[in-house]
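>>> no sequence on hand, only this structure:
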DNA sequence: CCCTTTTTTTAGATTAGTCTAAAAATTTGT
DNA sequence: ACAAATTTTTAGACTAATCTAAAAAAAGGG
């Protein structure tokens, strides 16, 4: 890789833009949104966008927001790959709980060594999903697109396999711990209360009640 | 820890001073030596020493060099602990060779999470030595002081257990790979050539020739 | 002991990343 | 469609970490 050296800070901006693009489905990303996501000021973002544009990581048009180039997307996917692999390591090998790993992975994702990531991936058994059920991009940036449905859109009283969370908030993850809901569990929908969007469900044959986030 | 936040760069200066103190046995460390070790300029070091002195990490007297305070020493030992634990991880778990791990550990040592290090230490089986035979400080900064002798000071034709290297250069470590000398091996000294400081030795009962570094 | 060499510090500048305040451009509401 | 509100950019300044060149202090050698 002849990549012109990307700083820790730049990597965080790239990741933020990528995540915002995921949400807003490829529209140009606004200065304010990036600033809000990174707890920084819009003026700072403008400066950074100029720098990233010079490095051909984003396309930037004054007053019209930015968009990652394919080079930028590749960098973002690589950071996400590292983040998620480290999360698997922390949970599966070091016995962290799934709600504890985000901040540490946020640091580890910036460690720079292709060899390290290849070996870590092998050590972990080339996992395809992280502890929250998010797909891990492979070294070319490709990731499995899980065909899952959000619980909130469920209308049929049938069984589902719990394969991931959309909400990563610590308190929500801890709540799932208390109801003993774990990735891979079978959820059987027993009844749906459309008034308050709550569900009566059975997790692995134990009765429970579950509220969507 | 209420530690007033130490930057990546500051950590590197602290580690450099610690290592220089180890070599020169507690004399004050000169600006030039630090500069040379970190491939930086003496003027830059002076600036940094003023900052570290303000943070009570070193004692600094103009023109007379610096010395780590106990606070500074504690920080240094913590970084070294992290560095060496990560090296164990890289070699024992990810199958890196001992000459490949330094640069990666140099990055990983700055990851900030007490919980992570505690769990990593446990995962690795609380090792007391890193892959080069250097002692790993415990969480209070205490480390085993191995009672070993350098090969160059050996005068008796007896057996020794190979427990570490003083020279960490990649080429030297690779040389030891080629003669199949591994930590824990038994070295039997068969003859000593005092003229060129070479030894004829037997490693685990295979004949070899070994030159001290 | 003083004059030269070496080491260290000061002074002044630069770059990355950040901020606030003010100006400029875009968007929105009637 | 145009005035008001919002968003974005520019301008100017700050901090951490670095540099070079020059000044100051310490060390060394007759």
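Happy to help now that I have it. Computed from a predicted structure; not experimentally measured.

>>> mind listing the strands the longest strand along chain A pairs with, and their directions?
Determined from DSSP state E, the single longest strand within chain A is strand A:186-193. Strand A:186-193 has its sheet partners listed here by DSSP bridges as strand A:159-161 (antiparallel), strand A:198-203 (antiparallel).

>>> quick one: closest of those to residue A:7.
strand A:159-161 (40.8 Å; Cβ to Cβ). All C-beta atoms are positioned from the backbone trio N, CA, C, and that covers glycine.

>>> okay, strands next: where are they in chain A?
Ranges of strands in chain A, per DSSP E, are A:58-60, A:66-68, A:159-161, A:186-193, A:198-203, A:206-211.

>>> what are the contacting residues of the longest one?
Right, the one you point to is strand A:186-193. A:151, A:154-162, A:181, A:199-205, A:207, A:210 (Cβ atoms under 8 Å, 6 or more residues apart in numbering or on different chains).

>>> again with stretch A:130-149
Outside stretch A:130-149, the residues that reach it (Cβ under 8 Å, 6+ apart) are A:73-74, A:77-78, A:80-81, A:83-85, A:87-88, A:90-92, A:98, A:101, A:117-118, A:121, A:127-129, A:160, A:163-165, A:168, A:173, A:183.

>>> would you mind measuring from the most centrally placed residue in chain A to residue B:119?
Taking Cα atoms, centre = their mean, the centroid of chain A lies closest to residue A:134, which sits 6.0 Å from it. For residue A:134, the distance to residue B:119 equals 22 Å [Cβ to Cβ, to the nearest Å].

>>> again, but for residue A:87
Distance of residue A:87 to residue B:119, given as Cβ to Cβ: 14 Å.

>>> more neighbours, these two?
residue A:87 (26 against 18; other Cβ atoms under 10 Å in any protein chain shown).

>>> right, so of the strands of chain A, which gets closest to residue B:27?
strand A:58-60 (51.8 Å).

>>> can you spell out which helices and strands pack onto that closest one?
Based on contacts counted as 3 or more Cβ pairs under 8 Å, 6 or more residues apart in numbering or on different chains; DSSP states H and E, the elements that strand A:58-60 packs against are helix A:42-54, strand A:66-68.

>>> compile the ones you listed into a markdown table and extend it with columns for mean neighbour count.
Compiled in a markdown table, those are given as follows (neighbours: other Cβ atoms under 10 Å in any protein chain shown):
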| stretch | mean neighbour count |
| --- | --- |
| helix A:42-54 | 16 |
| strand A:66-68 | 22 |
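
>>> now those as a markdown table including mean pLDDT and distance to residue B:6?
A markdown table is the format used below for the helices and strands packed on strand A:58-60 (pLDDT from 0 to 100; distance: least, Cβ to Cβ, whole Å):
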| stretch | mean pLDDT | distance to residue B:6 |
| --- | --- | --- |
| helix A:42-54 | 97 | 24 |
| strand A:66-68 | 96 | 33 |
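
>>> relative to chain B, which of the ones you listed is closest?
Checking those against chain B by Cβ to the nearest Cβ gives helix A:42-54 as the closest, at 19.3 Å.

>>> is the closest one positioned near DNA strand D?
Yes. Contact of helix A:42-54 with DNA strand D (Cβ under 7 Å from any atom of the strand) involves A:42, A:43, A:45, A:46, A:47, A:49, A:50.

>>> and chain A, which of its residues are near DNA strand C?
A:7-10, A:39-41, A:43-44, A:47-48, A:51, A:63-64.

>>> and among the strands paired with strand A:186-193, the most buried is which?
Stretch with highest mean neighbour count among the strands paired with strand A:186-193: strand A:198-203 (a mean of 18; mean count of other Cβ atoms under 10 Å in any protein chain shown).

>>> all the helices of chain A, residue numbers only.
Along chain A, the stretches classed as helices by DSSP state H are A:8-24, A:31-37, A:42-54, A:70-88, A:102-108, A:114-123, A:170-178.

>>> out of those, which is the most enclosed?
helix A:70-88 (a mean of 21).

>>> what is that helix packed up against?
Short answer (3+ Cβ pairs under 8 Å, 6+ apart): helix A:70-88 packs on helix A:8-24, helix A:102-108, helix A:114-123.
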